[in-house]
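# Here is my input, please return the structure:
(chains A, B and C)
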Amino acid sequence: MADPRFFVRSSPIALKKLAQLTGAQLAEGANPEQLIEDVAALDTATPSQLSFLDNPKYIESFSHSRAGACFVRAKYSSRAPKAMALLITETPYAAYALAAQYFYPNQPAPGISPHAHIAPSATIGKNCHIAPGVVIGEGCVIGDDCVIGANSTLSHAMLGSRVIIHRGVHIGQDGFGFAPGARGILKVPQLGRVIIGDDVEIGSGSCIDRGAGPDTIIGDGCKIDNLVQIGHNVVLGKMVVIAAGCGIAGSTKIGDGCMLGGQVGIAGHLTIGKGVKLAAKSGVMTDIPDGATFGGAPAVPIKDWHRQTAALIKLTGKKE
Amino acid sequence: MADPRFFVRSSPIALKKLAQLTGAQLAEGANPEQLIEDVAALDTATPSQLSFLDNPKYIESFSHSRAGACFVRAKYSSRAPKAMALLITETPYAAYALAAQYFYPNQPAPGISPHAHIAPSATIGKNCHIAPGVVIGEGCVIGDDCVIGANSTLSHAMLGSRVIIHRGVHIGQDGFGFAPGARGILKVPQLGRVIIGDDVEIGSGSCIDRGAGPDTIIGDGCKIDNLVQIGHNVVLGKMVVIAAGCGIAGSTKIGDGCMLGGQVGIAGHLTIGKGVKLAAKSGVMTDIPDGATFGGAPAVPIKDWHRQTAALIKLTGKKE
Amino acid sequence: MADPRFFVRSSPIALKKLAQLTGAQLAEGANPEQLIEDVAALDTATPSQLSFLDNPKYIESFSHSRAGACFVRAKYSSRAPKAMALLITETPYAAYALAAQYFYPNQPAPGISPHAHIAPSATIGKNCHIAPGVVIGEGCVIGDDCVIGANSTLSHAMLGSRVIIHRGVHIGQDGFGFAPGARGILKVPQLGRVIIGDDVEIGSGSCIDRGAGPDTIIGDGCKIDNLVQIGHNVVLGKMVVIAAGCGIAGSTKIGDGCMLGGQVGIAGHLTIGKGVKLAAKSGVMTDIPDGATFGGAPAVPIKDWHRQTAALIKLTGKKE
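Here you go, the predicted model:
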């Protein structure tokens, strides 16, 4: 179980309620009134705990697990130990996430730290949690049920609801706009904003610059990991997932549902289609069509990248 | 126009004053007393607003723009719509920057937040803006007209004038100096400073370590983007421009006017000449002479990098 | 000498005490009572100062140095100037580190800033230095003699003794755990902790996510540079050294004594053996056996990487 110094667990819950909560079907033979006390991994779960089987690689652990109940796909149900109550679902990991959310509600309690610095003209929605050291500038608008982590700073920003900003995130500073001229390198005033949709999560240490004139836009449901840089005027569609260490240069547009591996870099003024996947460390220098998977630097379709890698190995192998 | 919740616009200004301010020439037929109220892009500007044509790609937008006035190079003036007043200059983007600076003065108002933590022995120049959560250590010297963004920390540092430190920047911590020995990995005291020239800008989340014995030096007019790492003893010349996500290892020297694309890494103890350009994601492992352009990892002259890329594509293409 | 505005120097010390302190042998002819006032580089040291010769590249500087005393390997002692007292050791840089630590004790004075925000249930060891703006969450345990730099945040974390956390470090936030399902991208509660051993150092701006269920573990003596990302469930062995800008994805295990160059990325769920070395900018996508040195992206044994690079150059050279 989770360390009680850090996590407060909710009270036990009946299987029938867990089924309701997660949309799973209680399999024949399970007792709907059976109380579950906690979630745990297959190999450590006890008869009062609930686990899940998602990756078939763990099917042996499943067959030998002492877990009292388990989320599992229908096709694996025959492999379950006798004593285990089954909750049948095609998305066991998502069902586990919902159950774990019940036992360990993730959201910190609403409240605004007296050690946050919030401009009088900023608007804060209902039930927000704002941690110490947060700085929110003039005119910012924060939706309902948002969490803003310690020492994050926001300016020129408008956030939807249920947004989670982790710690040390910086949103709304000037983009990197300079004009070389006779008087040296001039700063170009950055006159746009950062618009963040609903259900967005932004990881610790990440930076999102405000637009130069147009806005920088982060679509609903985007999930951005730690230490990511988003340049001015960038537009992310909905549910874009960006792993740690990525950088997206100014004015690039990224379609709905794209997934970026770690340390990807994307040049400025590009258009990345919907549902594009980029391998970790890709360096993208061209537009990419909908649905494509790219890798390498400069990034190419993933099959070509694998061929390049194989060709290089062959080339050097000959010399041994 | 810029969102008035976030931006305060200065009062209208006559064309003749804009010409004075920017060094542009008012073209024949323009009314020097015509009042301009704001800046805007070519396609959204109204007759009371000012725009600019820099990239010839936008010449059609220019020819159809309703903007009341526009900065433009002499050679394109014949393409202007009739009603548009022209401000002739060879650097229209720089002129636009100056005009936009007039309408939207970028500098936050001078003042030191009561929530900043400044050591008594630190010296702060005139007209500085120091935001909440800033920590300035013993003995630091900050020049005039500097801006230090929220939650940044400085120690062992001396800054020139008109320096802009964005948010969550960390300057002056120990460099990464360790000596392996019989008693494990020993910490080597870092006895230098960070010296920052005039007109430097340092982006959010960036880190500059102090020198190990010599100083870490950032020359006048350098512009450093977000999430950049500068190691101990690094020396940047004047007007070096570094895009987001770069890392420069200890004791490397970078000449005046160099430009680094995003996510570039440079190994330690190297000498990069003046005016060198490095493509995004370059991994530099050798000295580079003045004026060269390099790319790739390990970085090579940019033509060679393009050839490598082309050769790889050819190599794999043959196999299809 | 170090700038007295930033560094307080200890009082002079006799050569015999320096020998004791560092384990070096005082060479014949040296006066054990000779007082040393400071450390300095070979080329700037004066007769009252102490220097070191580690890299034989500097042997000429050594032969002409005015330093009053010097740490040096026995085999180079004959090259010393006459007036120089020699402290013979096989690890001159480590000896220098100890001497410099004597003259300039690095640790800031113990004390907890009134501007730190520490949860009542957190436990802080003896003689810790906790800077302004630090946020320490419920239940955290901090060992003795730790230093926590300004604006760092910790939650769900247990630290050993003599840990140095630099500034703006974020430890213990949720890892990047999401389950796609019928209701969109669900957040998977992260129920583990961050466990940090003794004598660990973590650079400014770095982020360490807490475990998803298991813990994230940083072994004794690890040294992590600035702007490094450590994902959930990562396990670092002892004395792992990680340069700036690296990212390690979730659940990867890294053996004792590994050394990672700058901007290395390691994919998730991998096992990196003991004593592995990774060249800067490596992109690791496979397990690596004990003692290997890898480079490139995708990373391969370093010899193969050098061959790949050479083959590419040859390939393009032919076309000129």
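
# tell me the domain ranges of chain A?
According to automatic domain parsing, chain A comprises the domains A:13-103, A:111-305.

# Adding distance to B:A40 and mean neighbour count, write those domains out as CSV.
C-beta: built from backbone N, CA, C; applies to glycine. Putting the domains of chain A into CSV (distance: least, C-beta to C-beta, whole Å; neighbours: other C-beta atoms under 10 Å in any protein chain shown) gives the following:
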stretch, distance to B:A40, mean neighbour count
domain A:13-103, 46, 19
domain A:111-305, 8, 23
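
# Dump the ones you listed into a markdown table; add mean pLDDT and distance to C:S204 as well.
What follows is the domains of chain A, written out as a markdown table (pLDDT from 0 to 100; distance: least, C-beta to C-beta, whole Å):
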| stretch | mean pLDDT | distance to C:S204 |
| --- | --- | --- |
| domain A:13-103 | 96 | 33 |
| domain A:111-305 | 96 | 10 |
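
# could I get those as CSV with distance to C:V194?
Below are those laid out as CSV (distance: least, C-beta to C-beta, whole Å):
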stretch, distance to C:V194
domain A:13-103, 19
domain A:111-305, 12
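
# Between those, which one is closest to chain B.
Counting by C-beta to the nearest C-beta, chain B lies closest to domain A:111-305 out of the domains of chain A; the figure is 2.8 Å.

# Next up, phi/psi of A:I130, please.
phi -120, psi 120 (degrees, to the nearest 10).

# what does A:A19 give?
Main-chain torsions, A:A19, degrees, to the nearest 10: phi -60, psi -50.

# Excluding covalently adjacent residues, which one is nearest to it?
A:L26 (4.8 Å; C-beta to C-beta, 6 or more residues apart in numbering or on different chains).

# Which part of the stretch 201-320 of chain A gets nearest to chain B, residue-wise?
For the stretch 201-320 of chain A, C-beta to the nearest C-beta, closest residue to chain B: A:R307, 3.8 Å.

# Run a quick neighbour tally on that residue.
A:R307 has 20 neighbours, counted by other C-beta atoms under 10 Å in any protein chain shown.

# rewinding a little: what's near enough to touch the residue nearest to A:A19?
By C-beta atoms under 8 Å, 6 or more residues apart in numbering or on different chains, A:L26 lies in contact with A:15-16, A:19, A:32, A:85-88.

# Return the member of these nearest to B:A249.
Closest to B:A249 out of the contacts of A:L26 is A:L87 (52.4 Å), distances taken as C-beta to C-beta.

# Make sure A:W305 is indeed in a helix.
Yes. Under DSSP: H, G, I helix; E, B strand; the rest coil, A:W305 falls within a helix.

# doesn't A:P289 make contact with A:G255?
No. If you go by C-beta atoms under 8 Å, A:G255 and A:P289 don't touch, sitting 9.7 Å apart.

# can you list residues touching both of the two?
A:273, A:276.

# circling back: of all the domains of chain A, which one is nearest C:R9?
Per C-beta to C-beta, nearest to C:R9 of the domains of chain A: domain A:111-305, 33.6 Å.

# And A:F62, its phi and psi?
Dihedral angles for A:F62 - degrees, to the nearest 10 - are phi -60, psi -50.

# which non-adjacent residue is nearest it?
Excluding the flanking residues, the one nearest A:F62 by C-beta to C-beta, 6+ apart is A:L53, at 4.4 Å.

# swap in A:G268?
A:A249 is the one closest to A:G268 (C-beta to C-beta, 6+ apart), at 3.6 Å.

# Would you check that that neighbour makes contact with B:A243?
Yes. At 7.4 Å, A:A249 counts as touching B:A243 under the criterion of C-beta under 8 Å.

# got any residues that touch both of the two?
By C-beta under 8 Å, 6+ apart, the residues touching both A:A249 and B:A243 are B:262, B:280.

# roughly how far apart are the residue of the stretch 201-320 of chain A closest to chain B and C:T309?
A:R307 sits 18 Å away from C:T309, going by C-beta to C-beta, to the nearest Å.

# The most centrally placed residue in chain A bridge partners, please.
Closest to where the C-alpha atoms of chain A average out (C-alpha atoms, centre = their mean) is A:K223, at 3.1 Å. With DSSP bridges as the criterion, A:K223 is bridged to A:E201, A:V241.

# you'd agree it is up against A:V200?
Yes. Contact criterion C-beta under 8 Å: A:K223 and A:V200 qualify, at 7.5 Å.

# got the contact list for the residue lying closest to A:N151 once chain neighbours are set aside?
Among residues not flanking A:N151 along the chain, A:G133 sits closest, at 4.0 Å (C-beta to C-beta, 6+ apart). Residues near A:G133 by C-beta under 8 Å, 6+ apart: A:113, A:115-116, A:150-152, B:133, B:151, C:117, C:133, C:135, C:151.

# now do 10 Å
By C-beta atoms under 10 Å, 6 or more residues apart in numbering or on different chains, the residues touching A:G133 are A:113, A:115-117, A:149-153, A:167-168, B:115, B:132-133, B:150-151, C:115, C:117, C:132-135, C:151, C:153.

# got a list of what A:G221 touches?
A:160, A:162, A:197-201, A:237-241, A:256-257, C:184-185.

# now do 6 Å
Applying C-beta atoms under 6 Å, 6 or more residues apart in numbering or on different chains to A:G221 gives the contacts A:199, A:238-239, C:184.

# got it, and A:L186?
A:179, B:94, B:97.

# Next, find the distance separating the spatially closest residue to A:F7 that is not a sequence neighbour from chain B.
Distances taken as C-beta to C-beta, 6+ apart place A:Y104 nearest to A:F7, at 5.4 Å, with adjacent residues excluded. Separation of A:Y104 from chain B (C-beta to the nearest C-beta, to the nearest Å): 29 Å.

# and A:Y104, how many neighbours?
With other C-beta under 10 Å as criterion, A:Y104 counts 19.

# what ranges do the helices span in chain A?
Assigned by DSSP state H, chain A shows helices spanning A:15-22, A:59-64, A:92-103, A:302-317.

# by contact count, what packs against the third one?
Helices and strands touching helix A:92-103, as assessed by 3 or more C-beta pairs under 6 Å, 6 or more residues apart in numbering or on different chains; DSSP states H and E, comprise helix A:15-22, strand A:38-39, strand A:49-52, strand A:69-72, strand C:178-181.

# what distance separates the third one from the centre of its chain?
Yep, that's strand A:49-52 we're talking about. In terms of C-alpha atoms, centre = their mean, to the nearest Å, the centre of strand A:49-52 is found 24 Å from the chain centre.

# Thanks again, I'm all set now.
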